[in-house]
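Colleague: Return atomic coordinates for the entry below.
(one chain, ligands or ions: 1)
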Amino acid sequence: MTWEPKIVYIMCSWCGSGGAESASAYGLKYPENIKPFRVWCTGGLDPAYILRAFLEGADGILISGCHPGDCHYDTGNYFARRRLAALKTILKTFGFDEDRVWLRWVGHSEGKRLVDTAIEFNEHIKKLGPNKI
Ligand code: FES
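Modeller: Okay, the predicted model is just below:
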């Protein structure tokens, strides 16, 4: 049996989820091992959610929100970017591969970008192998 990574795809409810809807409208799909998780805005994403997902067996976490300047809550995505940078430093300090978390901006109409990003991340995590936690 081939190993498939467990990936959580966190999307903001505006651009991220909009990108997923746009992809769906064009019949574009991302791999089924990637599970979507919707948050109102990436700015409200608590890093504890990411740590918990890793502790519960996720192999990778992909996060998509609105492009800089397009966040529906003004600066939420800037907060997300800063929080994620801090989290990656913490992960690295503890010897965890911080590249198991990606943050990628996706616009509401960028379904192809969303799917391409998901596929690229899936391949990236396959190369890293299973989460050892
Ligand atoms: S609403 Fe999309 S990142 Fe803030």
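
Colleague: Please enumerate the strands of this protein.
Modeller: 7-12, 34-39, 60-65, 101-105 (DSSP state E).

Colleague: and the lowest-mean-pLDDT helix or strand in the chain, anywhere near the ligand?
Modeller: Every helix and strand of the chain was ranked by mean pLDDT, DSSP states H and E. The lowest is helix 15-25, at a mean of 87. Yes. Using C-beta under 6 Å from any ligand atom, helix 15-25 comes into contact with the ligand via C15. C-beta: built from backbone N, CA, C; applies to glycine.

Colleague: Return the set of buried residues in that helix.
Modeller: Residues of helix 15-25 classed as buried by neighbour count (16 or more other C-beta atoms under 10 Å): 15-20, 22-23.

Colleague: Next, the contact list for the spatially most central residue of the chain, please.
Modeller: Central residue of the chain (C-alpha atoms, centre = their mean): L62, 1.7 Å from the mean position. Counting by C-beta atoms under 8 Å, 6 or more residues apart in numbering, L62 touches 7-10, 34, 101-102, 104, 117-118, 121.

Colleague: Could you provide those in a markdown table, with additional columns for neighbour count?
Modeller: Formatted as a markdown table, the contacts of L62 follow (neighbours: other C-beta atoms under 10 Å):
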| residue | neighbour count |
| --- | --- |
| I7 | 24 |
| V8 | 20 |
| Y9 | 23 |
| I10 | 23 |
| I34 | 21 |
| V101 | 23 |
| W102 | 17 |
| R104 | 16 |
| T117 | 20 |
| A118 | 25 |
| F121 | 23 |
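
Colleague: which one of those is nearest the ligand?
Modeller: I10 (10.5 Å; C-beta to the nearest ligand atom).

Colleague: Could you give the bridge partners of that closest one?
Modeller: I10 has these beta-bridge partners by DSSP bridges: F37, I63.

Colleague: Tell me, what's the model's pLDDT at it?
Modeller: For I10, the pLDDT comes out at 96.

Colleague: I figured it hits P47, correct?
Modeller: No. Between I10 and P47 there is no contact, the gap being 11.4 Å when judged by C-beta atoms under 8 Å.
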